[in-house]
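Participant: Prediction below, plus the sequence it came from.
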Amino acid sequence: MTIDPALWPKLHGASVHFPVALAMAAALFDGLGYVWPKPSPLKTKLQSAGYFTIILGALGTFPAVLSGLFMTKGEVLGHDALLFHHLFVWPAFAGLVGLGVWRVMMDDKASPRSFIAYLTVLFLTAGLMAGAGYWGGEMILNS
């Protein structure tokens with residue numbers, strides 16, 4: 001039995017959108033939840049949405065990265081658009097997984113100062129995810 005060579009690109013294409021979208025959603029929800037002026041049910045819901053989206057985004061990176069590694073036969077850098085894609089992907093992957101772990105471990109125990117650091121890294125990671133998505137799209141358009 002042979003595996004369809006188009007399987008990995010299909011799985012990669014299907015799985016990458018989740019961590020990209022969830023990283024951006026987590027930045028939006030956590031950012032709004034942090035700056036919301038007073039304690040309220042909406043602030044609590046925004047914070048909860050941020051909590052779950054960052055965790056789901058972190059978990060979603062694993063099928064995306066694994067399918068990408070299978071697709072590139074283990075090449076972690078590459079050249080041209082693949083190189084640029086990977087220069088964004090690897091720090092984004094590390095950032096998203098690290099943020100998800102931090103959020104689970106800290107839950108509601110984070111100080112305001114540490115949560116600002118978390119938000120800073122989250123916005124940077126969301127930007128890296130967008131860059132990775134851009135260069136991934138460039139590879140598809142130019143193939």
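Facilitator: That came in fine, so what should we check first?
Participant: Work out for me the element residue 46 sits within.
Facilitator: Applying DSSP states H and E as the criterion places residue 46 in helix 41-71.
Participant: ditto for residue 136
Facilitator: Going by DSSP H and E, residue 136 is part of helix 112-141.
Participant: And residue 140, how far from residue 82?
Facilitator: The spacing between residue 140 and residue 82, counted by C-beta to C-beta, to the nearest Å, is 11 Å. For the C-beta atoms, the positions are set from N, CA and C on the backbone; glycine is no exception.
Participant: what do you get for residue 107?
Facilitator: Separation of residue 107 from residue 82 (C-beta to C-beta): 38 Å.
Participant: Then residue 17?
Facilitator: Distance of residue 17 to residue 82, computed by C-beta to C-beta: 19 Å.
Participant: of those two, who's got more company?
Facilitator: Using other C-beta atoms under 10 Å, the more surrounded residue of residue 17 and residue 82 is residue 82, with 19 against 12.
Participant: So for stretch 116-130, what gets flagged as buried?
Facilitator: Neighbour counts using 16 or more other C-beta atoms under 10 Å place 118-119, 122-123, 125-129 of stretch 116-130 among the buried residues.
Participant: Kindly report the same for stretch 75-86.
Facilitator: 81-82, 84-86.
Participant: can you list the residues that contact it?
Facilitator: 69, 72, 87, 90, 131-132, 135-136, 138-139, 142 (C-beta atoms under 8 Å, 6 or more residues apart in numbering).
Participant: Sort out which of the residues you listed are buried, if you could.
Facilitator: Of the contacts of stretch 75-86, these count as buried by 16+ other C-beta under 10 Å: 72, 87, 131-132, 135-136.
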